[in-house]
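In: 3D, please:
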Amino acid sequence: MAVALAERLREERDRFVGFAFSNADVLLELDDNSKVLWAGGAVKSLLGVDNKALTGRPLAALLAPTDAILLKAALRELHPGQRRRDLSLTLLSASERSAGERSAGERSAGGRSVGEKPESGNAASDERQMVTVSINRSLKEGKPHFFLTLSLASARAAAPGGMLRRDRATGLAEAVEFTYATTHAVQEARKAGKSACLTLLEICGSEDLNRLMGQERAEALLAEIGAQLKLHAIDNESAAKLGDGRFGVTHLESDDPATIVDAINRVGDTFHLDPATLHVTGRTVALGSNSLADDDVESILSYMVDKFSREGIANFDAGSAEQYLKRMTAEILSRVVAMRDIIHERRIILHYQPIVHLLDRSVHHYEVLLRFQDGRSPFEDVLFAEQVNIIHELDLAVTLGAITRIQLAEKHKQGLGLAVNMSARSLLNDTFLNMFEELALSMGKARRQLIIEITESAKLEDLPKAARAVERLRGAGHLVCLDDFGAGAASLPYLQQLQVDYVKIDGAYIRSITDSLRERAIVQGVLTTCRALKIKTVAEMVEKEDQHISLTDLGVDLGQGWLYGRPAAEIPVATGFGSTTRPGKRQGVKEQWS
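Out: From the prediction side, this is the model:
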């Protein structure tokens with residue numbers, strides 16, 4: 001009796017020490033399997049279950065899968081008496097937890113569901129939420145106990161982590177978000193008087209891992225590697241997957257990059273992969289110089305991430321950010337000069353792809369597509385032009401070519417509608433809009449035949465200004481189309497604030513529309529919204545007859561894709577805007593666009 005009482009008092013003492021000075025919504029004590037031994041605080045409100053129901057359950061079961069692995073890895077890494085602060089974890093939504101409980105209940109009760117249904121409160125909303133977790137391992141040797149404090153992340157704290165696009169297997173951020181998170185981490189390190197480094201890592205690719213281990217075990221390995229990179233990152237968000245077998249992690253300069261390589265090799269050991277097979281290679285770049293402005297840091301990071309993602313680690317040198325700034329500046333200047341030579345010497349070629357009425361496949365208008373004389377794809381050059389802010393020059397060159405082609409058709413009494421792409425950066429550039437206006441004035445009434453497609457390769461960061469620009473274009477007679485709708489998280493806010501005439505549904509949804517009820521439902525939702533707003537719809541990347549039938553049945557207005565015609569340097573005579581658009585009938589401009 002006395003022994004049991006003494007043991008209980010020791011447990012209470014350890015718990016008191018473990019939670020000393022804590023300021024959190026929930027306090028938890030876990031064993032080494034993440035099972036909850038004791039719970040206190042606003043458990044019901046934050047986690048959706050009461051203290052009694054939570055006790056004895058693994059906390060990992062309430063977390064997103066990759067974050068469950070991250071929690072277990074964090075527990076394993078702590079030695080007696082050590083702490084880890086500010087670990088960001090994502091809670092499953094109420095419906096996800098309920099589904100998990102039903103599945104577990106059916107397995108354990110022969111089909112009868114067990115477990116408690118979440119009630120109202122923060123965790124009961126059907127959204128994943130971010131929590132900030134701090135962990136303190138007890139001093140007890142042998143079977144360790146862990147004392148956790150959980151706090152609901154503030155809106156400001158949740159935004160960078162909760163809204164990041166993540167790789168499914170590793171839970172790591174993607175390249176664009178990684179650049180943002182790393183820039184923020186470097187700034188915060190500087191404020192604390194510390195220096196940061198970027199370490200880029202490469203391991204054998206997924207094809208080799210799948211061959212050696214099978215896909216399921218390979219994905220489990222990558223999830224464990226992702227957890228280790230998060231644990232070594234400054235804020236566990238500044239770690240990313242940057243390509244097949246390519247990763248980046250931003251850490252403090254005081255942390256030896258060799259420990260990150262060792263951690264990955266230890267993960268490999270648990271999967272019976274020796275270091276030679278996993279073949280971890282790393283390069284580290286110091287980012288800590290106070291001589292670099294924040295904009296410089298972001299530009300250098302974008303440059304390095306892009307270079308590493310494309311070329312891998314073989315040609316990547318370790319060094320300092322200043323060295324990469326010099327190298328980047330030289331490369332950018334060289335590319336800018338080359339790009340401007342191409343633009344001003346008119347070494348670009350315009351191709352035209354038809355966009356048709358789905359009901360009868362008659363041509364509605366053509367999209368103008370950029371090609372280079374040397375046959376290169378323009379994709380990388382367009383992205384580069386946006387990054388260095390010369391995209392407006394390229395957009396103007398394409399616009400001038402389109403205007404010339406429309407005027408040529410006018411001379412031959414042929415109505416022709418052409419759609420030109422306008423980068424989001426160009427749309428927000430007042431100088432570009434003024435120059436565009438001067439070019440379009442030469443068209444007279446035919447300017448209505450020049451359609452503007454706003455591309456989302458660069459994000460529209462100032463929507464009110466963009467709305468004014470769109471209003472200006474439409475007021476001058478141009479129809480405006482929002483391109484690649486659904487490809488980015490910002491599409492609905494765009495539609496909320498921009499008065500457009502057409503929405504082009506991203507091809508990723510069209511490819512699977514006949515096979516996936518999910519994709520079909522998403523397209524149906526877009527159509528319902530657009531009809532309510534009196535916006536016409538265009539489906540891109542239509543390549544198969546069954547896709548055409550599905551889109552026609554759904555009520556999509558227009559279609560574009562190889563099924564109707566590939567891009568070509570010439571436009572067929574007597575087709576296009578204002579020409580014969582339906583069998584046996586000729587329409588004027590006003591009627592065609594109604």
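
In: Tell me the confidence at A286?
Out: A286 is assigned 84 on the pLDDT scale.

In: From the structure, what's the count of residues near A42?
Out: 17 (other Cβ atoms under 10 Å). Heads up, the C-betas are built off the backbone N, CA and C, glycines and all.

In: Could you pull up phi and psi at it?
Out: Backbone torsions of A42, given as degrees, to the nearest 10, read phi -80, psi 60.

In: Report the separation between G319 and E207.
Out: 31 Å (Cβ to Cβ, to the nearest Å).

In: Ignoring the adjacent residues along the chain, who's closest to S138?
Out: Using Cβ to Cβ, 6 or more residues apart in numbering and skipping residues adjacent in sequence, the residue nearest S138 is H145, 4.4 Å away.

In: T552 now?
Out: L358 (4.8 Å).

In: per-residue pLDDT, that neighbour?
Out: L358 is given a pLDDT of 96.

In: didn't it look like it was pressed against G561?
Out: No. L358 is beyond contact range of G561, at 11.0 Å (criterion: Cβ atoms under 8 Å).

In: where do the contact lists of the two overlap?
Out: Both L358 and G561 are in contact with A539, where contact means Cβ atoms under 8 Å, 6 or more residues apart in numbering.

In: how far out from the middle of the chain is stretch 302-321?
Out: 21 Å (Cα atoms, centre = their mean, to the nearest Å).

In: Can you point out the buried residues in it?
Out: S302, Y303, M304, V305, D306, K307, F308, S309, G312, F316, A321 (16 or more other Cβ atoms under 10 Å).

In: Take those and lay them out in CSV including pLDDT, distance to T149 and secondary structure.
Out: Listed next are the buried residues of stretch 302-321 as CSV, based on pLDDT from 0 to 100; distance: Cβ to Cβ, whole Å; DSSP: H, G, I helix; E, B strand; the rest coil:
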residue, pLDDT, distance to T149, secondary structure
S302, 79, 36, helix
Y303, 77, 39, helix
M304, 81, 36, helix
V305, 83, 34, helix
D306, 80, 39, helix
K307, 81, 41, helix
F308, 85, 37, helix
S309, 85, 37, helix
G312, 87, 41, coil
F316, 76, 40, coil
A321, 67, 36, helix
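
In: Closest to N236 out of those?
Out: Lowest distance from N236 to the buried residues of stretch 302-321 (Cβ to Cβ) belongs to V305, with 18.4 Å.

In: residues contacting that closest one?
Out: By Cβ under 8 Å, 6+ apart, the residues touching V305 are A175, F178, T179, A240, L242, G248.

In: again, only this time at 6 Å
Out: With contact set as Cβ atoms under 6 Å, 6 or more residues apart in numbering, V305 has these partners: A175, T179, L242.

In: what residue ranges in the stretch 151-300 of the chain score low on pLDDT?
Out: For the stretch 151-300 of the chain, the stretches flagged by pLDDT under 70 are 154-165, 288-295.

In: That one: helices as residue ranges?
Out: Taking DSSP state H, counting those that start in this stretch to define them, one finds helices in the stretch 151-300 of the chain at 155-162, 175-191, 206-213, 215-232, 257-270, 275-278, 294-311.

In: What helices and strands are in contact with the second one?
Out: What that stands for is helix 175-191. In terms of contacts (3 or more Cβ pairs under 6 Å, 6 or more residues apart in numbering; DSSP states H and E), helix 175-191 is packed against helix 294-311.

In: ok, 10 Å please
Out: helix 155-162, strand 196-202, strand 239-243, strand 246-252, helix 294-311 (3 or more Cβ pairs under 10 Å, 6 or more residues apart in numbering; DSSP states H and E).

In: The second one to strand 239-243, inter-axis angle?
Out: Here strand 196-202 points in a direction 40 degrees away from that of strand 239-243 (axes from the mean of the first three to the mean of the last three Cα atoms, to 10 degrees).

In: Show me what strand 196-202 is packed up against.
Out: Using 3+ Cβ pairs under 10 Å, 6+ apart, strand 196-202 sits against helix 175-191, helix 215-232, strand 239-243, strand 246-252, helix 257-270, strand 281-286, helix 294-311, helix 321-344.

In: hmm, try it at 6 Å
Out: strand 246-252, strand 281-286.

In: Okay, and T66 sits in which element?
Out: helix 65-77 (DSSP states H and E).

In: which outside residues touch that helix?
Out: S34, A60, R84, L87, L89, T90, F146, G171, A223, A227, K230.

In: closest to G401 among the residues you listed?
Out: With Cβ to Cβ as the yardstick, the closest approach to G401 among those comes from G171, at 45.4 Å.

In: picking up where we left off before, take the helices and strands packed on helix 175-191 and write them to a markdown table, including distance to K411.
Out: Listed next are the helices and strands packed on helix 175-191 as a markdown table, based on distance: least, Cβ to Cβ, whole Å:
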| stretch | distance to K411 |
| --- | --- |
| helix 155-162 | 54 |
| strand 196-202 | 56 |
| strand 239-243 | 50 |
| strand 246-252 | 53 |
| helix 294-311 | 45 |
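
In: Tell me which of the ones you listed sits nearest to N265.
Out: strand 196-202 (11.2 Å).

In: now that closest one against helix 257-270, angle please.
Out: 40 degrees.

In: Show me what the host helix or strand of L482 is in contact with.
Out: Using DSSP H and E, L482 falls within strand 480-485. Strand 480-485 is contacted by residues 452-456, 470, 473-474, 491, 494, 500-506 when judged by Cβ under 6 Å, 6+ apart.

In: quick one on the thing from earlier: nearest to G525, of the helices of the stretch 151-300 of the chain?
Out: helix 155-162 (23.0 Å).

In: can you list the domains in this structure?
Out: For the chain, the structural domains run 13-163, 165-345, 346-592, going by automatic domain parsing.
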